[in-house]
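Enquirer: this is the structure alone, sequence omitted:
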């Protein structure tokens, strides 16, 4: 089981790196996963172990019989040859010696033999208040004549306090709520045990168990849960900023929601002044889709912000193409009709003095259509050796977008199958051959531009946060109308 809450991720001051800060990213942790991990953490640290072999009103016996520490028990109830004097026990059980029985119960006669749990349940009381209930199951015995199961709840309140860009954890009092004690008789040596005995046992447990649990379990459980939650909330997600080309995620605010712990995340990217300006922090993103079933966590990118981040990753591309087959040659000849500088002679083509230039100065844009993703790329096509933009053909390529997750990075690729090209402004002299121009251009873009572009995108993919216990290499890409989601299965 992954211990998600070993998220030790280097919390620190907010970054001062050059570049742009992109908000409206969201990291969500499933509440059921939090329940499981708190339960595992408490079980691994055996928070109930300290109560085993303890008298309900006494202290751990360290393997020594609890009865041996009671002089009046040794003197009055124990026969040296045969052990416990059953006739005296019979008097106790018949009610003839109830004061002694009460004294025995309230000293060390009721012993915790075993403990299981605690089972953890969470209840969201508000966006800043969480109630954690620990269901503790204890197995007790009394003088080897009565065996019981007692279930008692502990409640811990957790409050989130937002101080600037940092969320702190504060705990309400750890307590045992009244009326949460359930007692079940597992075995009795005599089916005719008096009701007085059962009532005394119940009263003793009701008075003593809350004190024991608060004294022994509460401090340990609270410290462990605090350690776990601090690790979740106080995180910076590597890579840590060390230079102008680094990326850094960090959590700005945290709140409890019905299905998950919701952390708002910002990403610092090394954007230059020539790149797309980031969105305003005051923009309100659309509602998040629900957390996928059977997922432990997800990282959600608002589409608008994702395209801004993509712009920060991107640098202008330019590809030189020397015509080698009929498509490229025909395209060169078609463009040369509008350029007085070019002469469509064979020697120019073979020597490569007049090839084609494919340029894409602007970044691609991802579009979402339900659960489908498409990506568009705009660019220019012109003849090599000409600088006149009037002779260039503007184009836009529309492809299916393919995402993959490798080596802690998210990669975007253009799928060539089904690609469609549309034309922007182009020289009027070739107006009558628009469809032929589109066909030739699409063939050249698929052969030359897409392989080069996809390779560049692979080499400049988006770094993902490195969270211990959460492997984004196992994540699934999900899409909604407005969000790109990296969903980590349970």
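Expert: Nice, I can see it. All values derive from a computational prediction rather than experimental measurement. Residues are numbered from 1 along each chain as shown.
Enquirer: how's the chain carved up into domains?
Expert: Per the record, the chain has its domains at 32-233, 240-489, by automatic domain parsing.
Enquirer: how much space separates residue 465 from residue 410?
Expert: Counting by C-beta to C-beta, to the nearest Å, the separation of residue 465 from residue 410 is 11 Å. C-beta here means a position set from N, CA and C on the backbone, and glycine is covered the same way.
Enquirer: and residue 211, by the same measure?
Expert: 53 Å.
Enquirer: what do you get for residue 416?
Expert: The gap separating residue 416 from residue 410 is 20 Å, by C-beta to C-beta.
Enquirer: these two - which one has more neighbours?
Expert: The residue with more neighbours, out of residue 416 and residue 410, is residue 410; 21 against 17, by other C-beta atoms under 10 Å.
Enquirer: now do the contacts for that one.
Expert: Contact analysis of residue 410 by C-beta atoms under 8 Å, 6 or more residues apart in numbering lists 403, 404, 461, 462, 464, 472, 486.
Enquirer: circling back to that earlier point, nearest to residue 25, out of the domains of the chain?
Expert: With C-beta to C-beta as the measure, domain 240-489 is the member of those nearest residue 25 (4.1 Å).
Enquirer: in this protein, spot the helix with the most residues.
Expert: Of all the elements of type helix in the chain, the one with the most residues (DSSP state H) is helix 195-212.
Enquirer: by contact count, what packs against the host helix or strand of residue 37?
Expert: The secondary structure element spanning residue 37 is helix 31-44 (assigned by DSSP states H and E). Using 3 or more C-beta pairs under 8 Å, 6 or more residues apart in numbering; DSSP states H and E as the contact criterion, the elements in contact with helix 31-44 are strand 110-126, helix 218-233, strand 260-269.
Enquirer: could you list the paired strands of the first one along with their orientation?
Expert: Just to be clear, that refers to strand 110-126. strand 54-55 (antiparallel), strand 129-142 (antiparallel) (DSSP bridges).
Enquirer: so what's the gap between it and the chain middle?
Expert: Between the mean C-alpha point of strand 110-126 and the mean C-alpha point of its chain there is a distance of 25 Å (C-alpha atoms, centre = their mean, to the nearest Å).
Enquirer: show me which positions of the longest helix of the chain end up buried.
Expert: 197, 200, 201, 204, 205, 208, 209, 210, 212 (16 or more other C-beta atoms under 10 Å).
Enquirer: helices or strands up against that helix?
Expert: Packed against helix 195-212 by the contact rule (3+ C-beta pairs under 8 Å, 6+ apart) you find helix 98-105, strand 110-126, strand 129-142, strand 146-163, strand 182-188.
Enquirer: so which of the ones you listed gets nearest residue 321?
Expert: That would be strand 146-163 among these, by C-beta to C-beta, at 55.4 Å.
Enquirer: so which elements touch that closest one?
Expert: In terms of contacts (3+ C-beta pairs under 8 Å, 6+ apart), strand 146-163 is packed against strand 110-126, strand 129-142, strand 166-171, strand 182-188, helix 195-212, helix 218-233, strand 248-256.
Enquirer: which of the ones you listed sits closest to residue 424?
Expert: strand 248-256 (36.5 Å).
Enquirer: okay, now the sheet partners of that closest one, with direction.
Expert: strand 236-237 (antiparallel), strand 260-269 (antiparallel).
Enquirer: highest average neighbour count across the helices and strands packed on helix 195-212?
Expert: strand 129-142 (a mean of 20; mean count of other C-beta atoms under 10 Å).
Enquirer: what average pLDDT does that strand get?
Expert: Over the span of strand 129-142, the pLDDT mean works out to 95.
Enquirer: just the angle between that strand and strand 166-171, please?
Expert: With axes from the mean of the first three to the mean of the last three C-alpha atoms, to 10 degrees as the criterion, the two stretches strand 129-142 and strand 166-171 enclose an angle of 30 degrees.
Enquirer: distance between the ends of stretch 119-132?
Expert: 10 Å (C-alpha to C-alpha, to the nearest Å).
Enquirer: so how far is it off the chain centroid?
Expert: Distance of stretch 119-132 from its chain centroid, counting by C-alpha atoms, centre = their mean, is 18 Å.
Enquirer: what does it contact?
Expert: Counting contacts by C-beta under 8 Å, 6+ apart, the residues touching stretch 119-132 from outside are 31, 34-36, 38-39, 42, 133-135, 137, 155-162, 225, 255-258.
Enquirer: residues that sit against both of residue 465 and residue 410, list them.
Expert: Taking C-beta under 8 Å, 6+ apart as the contact definition, residue 465 and residue 410 share the neighbouring residues residue 472.
Enquirer: contacting residues for residue 394?
Expert: When contacts are counted by C-beta under 8 Å, 6+ apart, residue 394 touches 378, 379, 380, 423, 424, 425, 426.
Enquirer: give me phi/psi at the fifth one?
Expert: What it means is residue 424. Comment: the main-chain dihedrals of residue 424 come out as phi -100, psi -150, following degrees, to the nearest 10.
Enquirer: how many neighbours does residue 359 have?
Expert: By the criterion of other C-beta under 10 Å, residue 359 has 16 neighbours.
Enquirer: ok but it is inside a strand, no?
Expert: Yes. With DSSP: H, G, I helix; E, B strand; the rest coil as the criterion, residue 359 is assigned to a strand.
Enquirer: wait, it sits on residue 378?
Expert: No. Using C-beta atoms under 8 Å as the test, residue 359 is too far from residue 378 to be in contact (10.0 Å).
Enquirer: poorly predicted segments of the stretch 151-300 of the chain, please.
Expert: Residues of the stretch 151-300 of the chain that meet the criterion pLDDT under 70 lie in 190-194, 234-245, 272-282.
Enquirer: try it again at 90.
Expert: Within the stretch 151-300 of the chain, the ranges that satisfy pLDDT under 90 run 162-168, 173, 178-181, 185, 187-208, 228-253, 258-259, 266-284, 292-294.
Enquirer: quick one: secondary structure of residue 447?
Expert: Applying three-state DSSP to residue 447 yields a three-state assignment of helix.
Enquirer: three-state assignment of residue 430?
Expert: Classification of residue 430 by three-state DSSP places it in helix.
Enquirer: how many neighbours does it have?
Expert: Going by other C-beta under 10 Å, the residues that sit close to residue 430 add up to 16.
Enquirer: and the pLDDT at it?
Expert: For residue 430, the model assigns a pLDDT of 72.
Enquirer: verify the stated contact: it with residue 437.
Expert: Yes. With contact defined as C-beta under 8 Å, residue 430 reaches residue 437; the gap is 6.1 Å.
Enquirer: okay, and the common contacts of these two?
Expert: Here residue 430 and residue 437 share the contacting residues residue 334, scored by C-beta under 8 Å, 6+ apart.
Enquirer: give me the nearest residue to residue 149, chain neighbours excluded.
Expert: Closest residue in space to residue 149, ignoring its immediate chain neighbours: residue 184 at 4.4 Å, by C-beta to C-beta, 6 or more residues apart in numbering.
Enquirer: perfect, that will be all.
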